[in-house]
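Asks: my questions concern the predicted model and sequence given below.
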Amino acid sequence: GPAPDTMRIVLPALVAAAASAVAEGADPAVTQQSNSAQYWWYYPDSDCGYDDVPGNCTGQTVDGCKATCLATSGCGGFNYPHGVLKKTSCLSKMGKQGSVDLYVLEATPQPPPPLPKWGELWPIPQNYSFDRSGQLNLAAVFKITTTASSARLARGITRYESIIKTAATPPSGGDIGGVRTGVAVATLPTLTVTVTTHDDEELPTKTTDYSYTLTVTSTPTPSAVVTAASVYGAIYGMETFSQLVQARGLINASEVKVEDSPTFEHRSFMADTGRRFWPVKTVEALMDGMAANKMNVLHLHLSDNCRYAAPSAKFPSLTNRLTGILGGFYSAADVAELVAYGADRGIRIIPEADLPGHSEGMQGLSGKGLVFCNPNETAAFSDLRNDADGQTIATVKAMYDELASLFPAAELFIGADEVRNNGPCTMSDYQAIETALTEHITGPSLNRAVGGWEEYGFETGVAKANNPDYWVNSWHYHTQFESTARGFLTVASNDSHFYLLYGQPAEKYWVDIADGLNDTQRSLLMGGSVSAWGDEYCYIAYCIHPGQYPSAHALFPPSADELFHQSIIGYSFPRTIMAAGSFWNYSPELNVSSSDFTTTYHMANARLIARGVPSCPSECHCDASTRCGKKYAPETEESPPTLSLEELLELHPDPKRHGLLPSA
């Protein structure tokens, strides 16, 4: 094979196999050929030129290509996704090739990659040190102990004891970091967790202290201690400790010291449930992925053109129409479960009912409290009107009163994006609605902070600068540089970096969101947010354009919930891993073109998959409609849903507006 300095070995073959097995139920990567064990070695962004054998596996999954190669005489590997089969001598001609990855059969396991300076840990801690001269073994019965009285911490301890047990004995005998040599110098029986203050059951807030320290030592007595000011810092400390644990209960160091805290208070993921509904199971899987990467805000986009997904006892007409293909909204019990599930992982949920634009999903209240802008006009979006009787303003206030009663976070989000002149409505209509609602939210009635997309700061001018009760999510037309220069508290939601829908590679998510800001601007930058918009899952484009079918429209109906679960989580992870690192502690030491980047990315993703989060395997490409070259459903690219005109009319109470019937 080539000299070590030319080889980009970044993931042990058994780890790659475990990732594929979770995704597709595949057998381990260790195979039998000619009665001798064979191991698949993996080289990203690499190929063997034209050193080919007859045949190919084009269009197959990675595991399908492996099977094809094993059944083909003289085949020693293949490139992917092109599926060109390679000779057994392929490695002697290997070189860099950005469009494919290379898989090659070898007689021995692939060595693990060199660890980066921060070792197995992600996000990169603020301060860390390792003594790699030896190893520690976890005791056969390893326990996490604490004297804190928090029931939330007790649940966290139970959860992390299970995570650590899984990490210590991964499937197929492989391990996430690779088998590294070293001398086990001692056995570690326990991890002790100490919470110095606030060990009660309070919910996570904007001001929660997530800092922690972790000390692992082998002398004079082996010990591991997490110390934190809050339960949530303690949970993060346990997460960091769990990342140290490799197969067979090994810790690849004899001494570890970590002192850590987030650079930014707001480390968010925006889930669009107003288009394709996210079942509770899927939101919880998302929060498991977030927690593993120390993200602390779930921005739940509850309404858009397809639906209003929040429960409403005050306005049942908001959800009465959500049946059949449109089925899906949360009950009050669902919301309570999600809030509790998130809180146990240090995550608070900020709800959004998007208005006055993107209000199509609220049309159940047309004539029942909400007035729309010329509902007979064909337009991309349905906007709310500031009617003379004040019905719309009174109703949206009541809707947000109900949201505030369901979600205990001290923040609410109003949306306020992409409004435009529409029929009788002008920007002054939207400004009036937004002003009345934000003053209601921040005033004595609700006493919450309020956020909105950049338009309510730059177009309607409703957001208030230098005011702690208002913040702006900058996303497209205005960057965080412009927003903070105006004096707005800001969350960086740049579509150029953090919109999963656009398909940017993982490298785009590793970015310094504070680059170029002065000290004053940095003090206004709250953090960043990844956005998972659901446009590609709509049963028709934006849920309003019959005859136009997005790529994953077959995953829209409730009957496709399980496929959607696999799709949207694989669509979101592992790329979100890198964004989470950017929001926690961006470090220029990690260069996106380095082997450290690939090693870190693959190890963090393998951890997620080992924990049951259906992230996209690192060696694959996943989008809304495909995983590892395989469609979730044949209809996603071939057949539109079969809806009759009568069914479409039922879904769209104003058919003329959507071009279903002639307007004259």
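Replies: Okay, I see it.

Asks: Leu121 versus the nearest residue to Ala404 once chain neighbours are set aside, what's the distance?
Replies: Once flanking residues are discounted, Ala404 sits nearest to Leu446: 5.1 Å by C-beta to C-beta, 6 or more residues apart in numbering. All C-beta spots, glycine's among them, are computed from the backbone N, C-alpha and C. As judged by C-beta to C-beta, to the nearest Å, Leu446 and Leu121 stand 40 Å apart.

Asks: ok, those two, which is more surrounded?
Replies: Leu121 (24 against 18; other C-beta atoms under 10 Å).

Asks: the more buried one in helix, strand or coil?
Replies: The local conformation at Leu121, judged by DSSP: H, G, I helix; E, B strand; the rest coil, is coil.

Asks: Phe498 reaches Ala532, doesn't it?
Replies: No - taking C-beta atoms under 8 Å as the definition, Phe498 is not a contact partner of Ala532, at 9.8 Å.

Asks: so which of the two has more stuff around it?
Replies: Shown here are Phe498 and Ala532; by other C-beta under 10 Å, Phe498 has more neighbours (28 against 24).

Asks: what pairs with the strand or helix carrying Gly452, and is each one parallel or antiparallel?
Replies: Assessed by DSSP states H and E, Gly452 sits inside strand 449-453. Taking DSSP bridges as the criterion, strand 449-453 forms sheet pairs with strand 411-415 (parallel), strand 470-474 (parallel).

Asks: and the next helix or strand past the first one?
Replies: Secondary structure here is assigned by DSSP H and E; on that basis, the next helix or strand after strand 411-415 toward the C-terminus is helix 427-442.

Asks: thinking Gly357 is in contact with Ala416, fair?
Replies: Yes - assessed by C-beta under 8 Å, Gly357 is found in contact with Ala416 at 7.4 Å.

Asks: tally of neighbours for Leu500?
Replies: Neighbour tally, Leu500, other C-beta under 10 Å: 24.

Asks: dump the residue contacts of it.
Replies: Listed by C-beta atoms under 8 Å, 6 or more residues apart in numbering, the contact set of Leu500 reads Val530, Ser531, Ala532, Trp533, Tyr571, Ser572, Arg575, Thr576.

Asks: let me know the secondary structure of the nearest residue to the last one once chain neighbours are set aside.
Replies: What sits nearest to Thr576 in space, not counting adjacent residues and going by C-beta to C-beta, 6+ apart, is Val530, at 5.1 Å. Using three-state DSSP, the structure places Val530 in strand.

Asks: mind listing the helices for the stretch 51-200 of the chain?
Replies: When assigned using DSSP state H, counting those that start in this stretch, the helices of the stretch 51-200 of the chain occupy the ranges 62-70, 151-168.

Asks: I'd like those as JSON lines, with mean neighbour count and mean pLDDT appended.
Replies: Shown next, in JSON lines, are those (neighbours: other C-beta atoms under 10 Å; pLDDT from 0 to 100):
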{"stretch": "helix 62-70", "mean neighbour count": "21", "mean pLDDT": "91"}
{"stretch": "helix 151-168", "mean neighbour count": "18", "mean pLDDT": "95"}
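
Asks: picking up where we left off before, save the strands paired with strand 449-453 as JSON lines, and put in mean neighbour count and distance to Gln480 too.
Replies: Conversion of the strands paired with strand 449-453 to JSON lines gives the following (neighbours: other C-beta atoms under 10 Å; distance: least, C-beta to C-beta, whole Å):
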{"stretch": "strand 411-415", "mean neighbour count": "24", "distance to Gln480": "17"}
{"stretch": "strand 470-474", "mean neighbour count": "26", "distance to Gln480": "5"}
